[in-house]
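> This is a predicted model, with the sequence first.
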Amino acid sequence: MRTAAAFSILLGAAVIAAPPCARAADPPADGGLVDRRLLLAGIGAIAGTVAFNLLTAPTGVVPLAGGALAAVPYSVAMGSRLIAVASAGAGALGATWLYDRWSGEPSDYRYLATLGAGALVGVAVGNYLTIGALGTPPFYVGAGVANAAGALASPAAQAASRVYVIGTAVLGAWAADWYYRR
Amino acid sequence: MRRLRAIAVVAATLCLLAWQAGPAQAQTSPAAATAQTSADLRPLIVGLGAIAGVVIFNVAALGVEALPGGMAYAAGATVPAEMSVAMSRVYATTSAVIGGWVGYYGPWR
């Protein structure tokens, strides 16, 4: 199971697609620094995560978790961000591929891969700037206990981590969009 | 106070970025508008795929305990760190996707 999960992460990172709402058809055509639709989707994504945190704050750090939360090491929280962007990217790419097969309109996968790589790099840079390391992806049961020796993230930091992962992924995707079009 | 300041900074940054985006129609050529119309379903597909990707990974690697809902835990149980961050991934992705859809399909597009 560990090997499969690790392979899944590597595969996701290798072929990672766009951040959640990037449009996927053609390379952008407007004259802005970043494609307007990608810009709006990215702003919406960040705002959505901030709104979620604010609205669910009274219900705890992780709503409907099912019990008291064990302490989360920083390295695990950071590694989880990498899993988030890799698995979301792989899912987005897979869904786009299926949609392309159905609609008969192929997407620009080079552009998508560039956006996805940008999102992943954005999250990795954000992690490094936060704790000076990339983090330890918790992709197996017991990962929290196995990495419990490190510093522990506060509940507020865990909630903020949701905004950081989306924010850094969006910034990375924007940078990748700019790079692709320059 | 510190949290309010952080929220204000985020809000100001988002407003600045939205302002930088400029008027929608002025920047969109007829060809791009046609392509945009025909590709309008893609953000929905991409977003659903992203959420599905996170959920599938969580279940495949960690089991159903990694999904929000709490059905997998008995009363008084402690949720391990890898499970709580996995649930957080689902929340982060879902809220980002919904926000992204609002940003993409909103009246300001």
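Everything's here; your move.

> What is the lengthiest helix in chain B packed up against?
Determined from DSSP state H, the single longest helix within chain B is helix B:81-105. For helix B:81-105, the contact count by 3 or more Cβ pairs under 8 Å, 6 or more residues apart in numbering or on different chains; DSSP states H and E identifies helix A:36-56, strand A:72-73, helix A:74-103, helix A:143-146, helix A:155-181, helix B:42-62 as packing neighbours. (Each C-beta comes from the backbone N, C-alpha and C, glycine too.)

> How about it, which residues are buried there?
Using 16 or more other Cβ atoms under 10 Å in any protein chain shown as the test for burial, helix B:81-105 gives B:81-105.

> what's the answer for stretch A:62-70, then?
A:62, A:63, A:65, A:66, A:67, A:69, A:70.

> burial measure for residue A:131, as a count.
15 (other Cβ atoms under 10 Å in any protein chain shown).

> Could you do residue B:57 as well?
25.

> Leaving out sequence neighbours, find the closest residue to it.
Once flanking residues are discounted, residue B:57 sits nearest to residue A:87: 3.8 Å by Cβ to Cβ, 6 or more residues apart in numbering or on different chains.

> Of the buried residues of stretch A:62-70, which belong to strands?
In strands, defined here by DSSP state E, the members of these are residue A:69.

> farthest pair in the buried residues of stretch A:62-70?
A:63 and A:70 (16.4 Å; Cβ to Cβ).

> now the end-to-end length of stretch A:104-113.
Terminal residues of stretch A:104-113 are spaced 20 Å apart (Cα to Cα, to the nearest Å).

> Tell me the buried residues in that stretch?
A:107, A:109, A:111, A:112, A:113.

> Could you export those residues as JSON lines, including secondary structure, pLDDT and distance to chain B?
Formatted as JSON lines, those follow (DSSP: H, G, I helix; E, B strand; the rest coil; pLDDT from 0 to 100; distance: Cβ to the nearest Cβ, whole Å):
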{"residue": "A:107", "secondary structure": "coil", "pLDDT": "91", "distance to chain B": "8"}
{"residue": "A:109", "secondary structure": "helix", "pLDDT": "93", "distance to chain B": "13"}
{"residue": "A:111", "secondary structure": "helix", "pLDDT": "94", "distance to chain B": "12"}
{"residue": "A:112", "secondary structure": "helix", "pLDDT": "94", "distance to chain B": "9"}
{"residue": "A:113", "secondary structure": "helix", "pLDDT": "94", "distance to chain B": "14"}
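
> Was I right to think residue B:51 contacts residue B:97?
Yes. Look at residue B:51 against residue B:97 with Cβ atoms under 8 Å: they come within range, at 5.8 Å.

> Below-threshold pLDDT in chain B: ranges please.
B:1-39 (pLDDT under 70).

> domains of it?
Per the record, chain B has its domains at B:1-28, B:40-105, by automatic domain parsing.

> Among those domains, show me which one is buried the most.
domain B:40-105 (a mean of 22; mean count of other Cβ atoms under 10 Å in any protein chain shown).

> Now stretch A:32-40: buried residues?
Buried, per 16+ other Cβ under 10 Å, within stretch A:32-40: A:32, A:34, A:35, A:36, A:37, A:38, A:39, A:40.

> Under a three-state scheme, what state does the first one occupy?
In this case it means residue A:32. Secondary structure, DSSP: H, G, I helix; E, B strand; the rest coil: residue A:32 is coil.

> ok, it to chain B distance?
7 Å (Cβ to the nearest Cβ, to the nearest Å).

> Surely that residue touches residue A:174?
No. With contact defined as Cβ under 8 Å, residue A:32 does not count as touching residue A:174 (10.5 Å).

> For the two, list the residues in contact with both.
With contacts taken as Cβ atoms under 8 Å, 6 or more residues apart in numbering or on different chains, residue A:32 and residue A:174 have residue A:39 as neighbours in common.

> Now do the contacts for residue B:105.
Residue B:105 sits next to residue B:43 when contact means Cβ under 8 Å, 6+ apart.

> thinking again about what came up before, from the buried residues of stretch A:32-40, which has minimum pLDDT?
Ranked by pLDDT, the buried residues of stretch A:32-40 bottom out at residue A:32, which has 78.
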